[in-house]
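Enquirer: need the 3D shape of this:
(2 chains, ligands or ions: 2)
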There are 2 protein chains.
Amino acid sequence: MAKEITSRSENYSQWYNDIVVKAGLADYSAVRGCMVIKPYGYAIWEKMRDQLDRMFKETGHQNAYFPLFIPKSFFSREAAHVEGFAKECAVVTHYRLKNDPNGKGVVVDDDAKLEEELVVRPTSETIIWNTYKSWIQSYRDLPILINQWANVVRWEMRTRLFLRTAEFLWQEGHTAHATKQEAVEEAERMIDVYATFAREWMAMPVVVGKKSEAERFAGAVDTYSIEALMQDGKALQAGTSHFLGQNFAKAFDVKFLNKEGQQEYVWATSWGVSTRLMGALVMTHSDDNGLVLPPKLAPIQVVFVPIYRKEEELSAITEVVQKLRNELHAKGITTDYDDRDNLKPGFKFAEHEMRGVPIRVAIGPKDLEKGTAEVARRDTLQKQFVDQDKLANTVESLLDEIQQNLYNRALEFRESKTVKVDSYDEFKKVIAEKGGFVLAHWDGTPETEAIIKEETKATIRCIPEDLPEEDGKCIVTGKPSKRRALFALAY
Amino acid sequence: MAKEITSRSENYSQWYNDIVVKAGLADYSAVRGCMVIKPYGYAIWEKMRDQLDRMFKETGHQNAYFPLFIPKSFFSREAAHVEGFAKECAVVTHYRLKNDPNGKGVVVDDDAKLEEELVVRPTSETIIWNTYKSWIQSYRDLPILINQWANVVRWEMRTRLFLRTAEFLWQEGHTAHATKQEAVEEAERMIDVYATFAREWMAMPVVVGKKSEAERFAGAVDTYSIEALMQDGKALQAGTSHFLGQNFAKAFDVKFLNKEGQQEYVWATSWGVSTRLMGALVMTHSDDNGLVLPPKLAPIQVVFVPIYRKEEELSAITEVVQKLRNELHAKGITTDYDDRDNLKPGFKFAEHEMRGVPIRVAIGPKDLEKGTAEVARRDTLQKQFVDQDKLANTVESLLDEIQQNLYNRALEFRESKTVKVDSYDEFKKVIAEKGGFVLAHWDGTPETEAIIKEETKATIRCIPEDLPEEDGKCIVTGKPSKRRALFALAY
Ligand SMILES: [Zn+2]
Ligand SMILES: [Zn+2]
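Expert: Ligands and ions are numbered 1, 2, ... in the order given. As a prediction, this is how the structure comes out:
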């Protein structure tokens, strides 16, 4: 096999990086912390983006586009936002290069210094609420339900492909409402959209819940998140939705005339998912042979590989493959035919496994005689012989089965890694030795949360929405608690 | 009418701006030279983008994504690129903000200065060819046919919405080939894709041709462009495709092992269109009532307006409208129903005209009695009564007719504004008094081209590909010429 990857047990983090690079998803670039998303990785992202975009439009949202740059002063407007938000931002200070007077090349032109520096957007609440001010006068202008697909920059010191990069692609929804209730409903609706997308398209189980105060987005009143569990037992926050109250409306003075003729501040939400989902997808399903993709997000769902010695065999196989591909195409299934003549079948098999193609169909001279084909599924690596005239139907139902199996497998894994603990000693032991999700009673204070984080590195991922109320005692302080929080080590 | 716009005869440039702003396409932002693309404008851009993307994929291209930032030193690598390319770029010099020690707000952290400044991409040849270096070893790695949808920044001093903004959205194709011929064919193929898109989707006639040396892209061996004529008689370059030779391969040392086992430099193309197309679309078709959209790019193709006094009338109309909308929806036609209860029909009519909805259908109590509806087309403003049971078919063919009529009208306009001239006096007179496209013999030298530009402000838009060879004399120098060039004042 040409492109070996590190096994998970050997080095999980290297395994992840190997898959991202060797499956052709992304690579580091010449610019520190910035990645190149390669065609195969981008094709997966496009499938995610298109489906999310459909779901946003079905829930009444429209796309728009706001500037890449934000005046520095905008960041000071919303106090919690500027205090809580990381200040690691790319700052534009000049607007011109000039030829170097002392030699070759170009230098920054000192005469072209901006009066006010511009920040490359790390998120767009400020510039968008500054814009909404001129769009909103009366309740008739509300709600505004806008989403933006964009690139954002946060100057991270330690970067990992897809999981944490200086520049990443994302969508950010920014909505404006006449009432608090409507805004809260919107924030909840969108976290549910994300959860549905994660489960049904990424085959990734997620826990939906509210963030604790300490883990909230800077400027939010409430933050909802979806949390997934990776194969190394660490949690990954895969999407967030924020109820922003009237904070940004107050910071940017955005009022509207309500039905009663009174001026009121507008209520806001924002919500986003990013190319980080690509990292979550890789880590949820892949194995030591490479990437495993849920069929709904695979750019190529079925690859055909001819097994032949002589040219006549190849042309006979090609004829059959063409017929089968047409049948699959008619069912809306995407296929590829790997007839490269300089590579052996074994090499091709390994490469398509590496790239996570859900189903591989191999056809050789024996198959031609018998009217069969060898169908291999990527999730279980099982193979079966299928009659060619039944192949299209078999493949169609197998794709559904793989999609479902990946979800079930990930859910079982998560369940096996989710434990309730009732003492701090047990908590520490589980976090240190087993990892995974830990459900524990907590007294609700940031102080206790900080102690736990300090002593175990575990954080509160969320207060799960589906968890019933239950009387208990905080594992640290012993104070009474009404429900458990979900703790984990996290990406 | 609530939102009056300036007429073209009064002030063409103000007319353009009024339409862009009042039809809800875009608006200026708080950041100098950067625009906000509003939902309606973005919906049109999405339709353009989706169709172009389909055409790129049909011609074998894949999407990918490269970093927003380019190390400053990359710009010095390709000599013509750095010399010829505008140096008005946004430059990132720092990567952190900090709380202002002297008060409120944030300031740039001087301790966080980048060792090498980063330029926000004005175009991505340099970063992409630096990446291709590690992707290309042998002829088997070629061709690379990649496109990127991205935002780019060029620090323009005088900006106009869509036509020239500091930040704009575009796509940039960057391909790598084993032979010169293949690269030239690719550059020509893509300019033809743009021409087809302009004609068939934007209903905008364009002239395809090669640029003169002076108008070529910095770093290109040949630049092809599509040129459209706006209603004020000025040309607008709507898309370009460049044959880059081996210039970028040499600058970034990108070689490949050919079939004969020799190292060769790779051949390159790049090609792009941008949100500037939105400006071209507006100026090609719109009139003094507002935007006019070709049906293929209209987010809403048909709007229904109920005419009523009493609530019972409204509900009877709504029932009919619902049925008609379903029929249109089944034909893939997008519709809207404007049942806002606080606005008069006349106001609504004016608003939908302003926004360029291709067909308006009004239904009142009389129509209910007679089983008819009033159908108004936006391009000619003509109205007709149509039987409700024939409405879906009528609307369907009317949409085709409008698409075709817009193209024909624009083509007739262009033909009426295209003249051949054979003397420099006549040339000056036409350019100064009539505008439009002027076909004239030119001796092929940059010197003569510069004189003409200096004296008349007209530039060579292209050497049209479809123009037959013809013996003639340069209008300025009298030297022999084999074919005419296309001159115009330009955006
Ligand atoms: Zn829920
Ligand atoms: Zn052509």
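Enquirer: can you list the neighbours in contact with stretch A:476-485?
Expert: Residues from elsewhere that reach stretch A:476-485 (Cβ atoms under 8 Å, 6 or more residues apart in numbering or on different chains): A:212, A:420, A:424, A:439-445, A:448, A:451-452, A:460, A:462-464, A:467-474. The C-beta positions use only the backbone N, C-alpha and C, and glycine is treated the same way.
Enquirer: tell me the buried residues in it?
Expert: A:476-477, A:481, A:483-485 (16 or more other Cβ atoms under 10 Å in any protein chain shown).
Enquirer: which of those residues fall in strands?
Expert: A:481, A:484-485 (DSSP state E).
Enquirer: closest one of those residues to A:Val152?
Expert: A:Ala485 (29.1 Å; Cβ to Cβ).
Enquirer: what pairs with that closest one across the strands?
Expert: Beta bridges link A:Ala485 to A:Ala440 when assigned by DSSP bridges.
Enquirer: equivalent analysis for A:Pro464, please.
Expert: Here A:Pro464, judged by DSSP bridges, has bridge partners A:Gly209.
Enquirer: excluding its backbone neighbours, what's nearest the closest residue to chain B within the stretch 301-450 of chain A?
Expert: Closest residue of the stretch 301-450 of chain A to chain B, Cβ to the nearest Cβ: A:Asn342 (7.3 Å). Computed as Cβ to Cβ, 6 or more residues apart in numbering or on different chains, the closest residue to A:Asn342 that is not its neighbour in sequence is B:Arg140, at 7.3 Å.
Enquirer: ranges for the helices of the stretch 251-400 of chain A?
Expert: Taking DSSP state H, counting those that start in this stretch, the helices of the stretch 251-400 of chain A run over residues A:276-285, A:311-330, A:345-354, A:365-370, A:391-416.
Enquirer: if you could redo that for the stretch 101-250 of chain A, that was the one I meant.
Expert: Counting by DSSP H, counting those that start in this stretch, the helices of the stretch 101-250 of chain A are A:125-135, A:180-200, A:247-251.
Enquirer: indicate which one of these is closest to chain B.
Expert: For chain B, the closest of the helices of the stretch 101-250 of chain A is helix A:125-135, at 5.3 Å, according to Cβ to the nearest Cβ.
Enquirer: about what we covered before: of the ones in strands among the buried residues of stretch A:476-485, closest to chain B?
Expert: Distances from chain B to those, taken by Cβ to the nearest Cβ, are shortest for A:Ala485, at 31.3 Å.
Enquirer: walk me through the domains of chain A.
Expert: Listed by automatic domain parsing, the domain ranges of chain A are A:2-72+A:124-285, A:295-413, A:418-488.
Enquirer: deepest in the core, which of those is it.
Expert: With neighbours defined by mean count of other Cβ atoms under 10 Å in any protein chain shown, none of the domains of chain A is more surrounded on average than domain A:2-72+A:124-285, at a mean of 21.
Enquirer: next SSE after the lowest-mean-pLDDT helix or strand in chain A?
Expert: Every helix and strand in chain A was compared by mean pLDDT, DSSP states H and E; the lowest is helix A:79-84, with a mean of 74. Sequence order places strand A:91-94 as the next helix or strand after helix A:79-84, per DSSP states H and E.
Enquirer: contacts only, for A:Glu449.
Expert: A:212, A:214, A:442, A:459-460.
Enquirer: check those one by one and keep those near chain B.
Expert: Restricting those to those within reach of chain B (Cβ under 8 Å from any Cβ of the partner chain) leaves nothing.
Enquirer: in strands only, show me these.
Expert: A:459-460.
Enquirer: could you dump the contacts of A:Glu449 to JSON lines with distance to A:Lys296?
Expert: Formatted as JSON lines, the contacts of A:Glu449 follow (distance: Cβ to Cβ, whole Å):
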{"residue": "A:Ser212", "distance to A:Lys296": "33"}
{"residue": "A:Ala214", "distance to A:Lys296": "36"}
{"residue": "A:Trp442", "distance to A:Lys296": "37"}
{"residue": "A:Thr459", "distance to A:Lys296": "31"}
{"residue": "A:Ile460", "distance to A:Lys296": "31"}
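Enquirer: what's the lowest-pLDDT member of the contacts of A:Glu449?
Expert: Here the lowest pLDDT out of the contacts of A:Glu449 sits on A:Ala214, with 90.
Enquirer: that residue contacts A:Pro446, doesn't it?
Expert: Yes: here A:Ala214 reaches A:Pro446: they are 4.9 Å apart, a contact under Cβ atoms under 8 Å.
Enquirer: how far away is the most centrally placed residue in chain A from A:Arg49?
Expert: For chain A, the residue sitting closest to the mean C-alpha position, by Cα atoms, centre = their mean, is A:Leu277 at 1.5 Å. Using Cβ to Cβ, to the nearest Å, A:Leu277 is found at 10 Å from A:Arg49.
Enquirer: and if you look at A:His81?
Expert: 27 Å.
Enquirer: and A:Gly60, by the same measure?
Expert: Where A:Arg49 is concerned, A:Gly60 sits at a distance of 18 Å (Cβ to Cβ).
Enquirer: equivalent analysis for A:Asp109, please.
Expert: 38 Å.
Enquirer: mean pLDDT and distance to B:Leu411 for the helices of the stretch 101-250 of chain A - can I get that in TSV?
Expert: Below are those laid out as TSV (pLDDT from 0 to 100; distance: least, Cβ to Cβ, whole Å):
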stretch	mean pLDDT	distance to B:Leu411
helix A:125-135	97	38
helix A:180-200	98	46
helix A:247-251	95	49
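Enquirer: which of those sits closest to B:Ala90?
Expert: Among the helices of the stretch 101-250 of chain A, helix A:125-135 sits nearest to B:Ala90 (Cβ to Cβ), with 15.4 Å.
Enquirer: what about the stretch 201-350 of chain A, any weak spots by pLDDT?
Expert: Scanning the stretch 201-350 of chain A for pLDDT under 70 picks out nothing.
Enquirer: which positions in it make contact with chain B?
Expert: Checking the stretch 201-350 of chain A against chain B by Cβ under 8 Å from any Cβ, the hits are A:Asn342.
Enquirer: could you measure A:Glu156 against chain B, distance?
Expert: For A:Glu156, the distance to chain B (Cβ to the nearest Cβ, to the nearest Å) stands at 10 Å.
Enquirer: hang on, that residue packs against A:Gly33?
Expert: Yes: in this structure A:Glu156 lies within contact range of A:Gly33 using Cβ under 8 Å: 5.8 Å.
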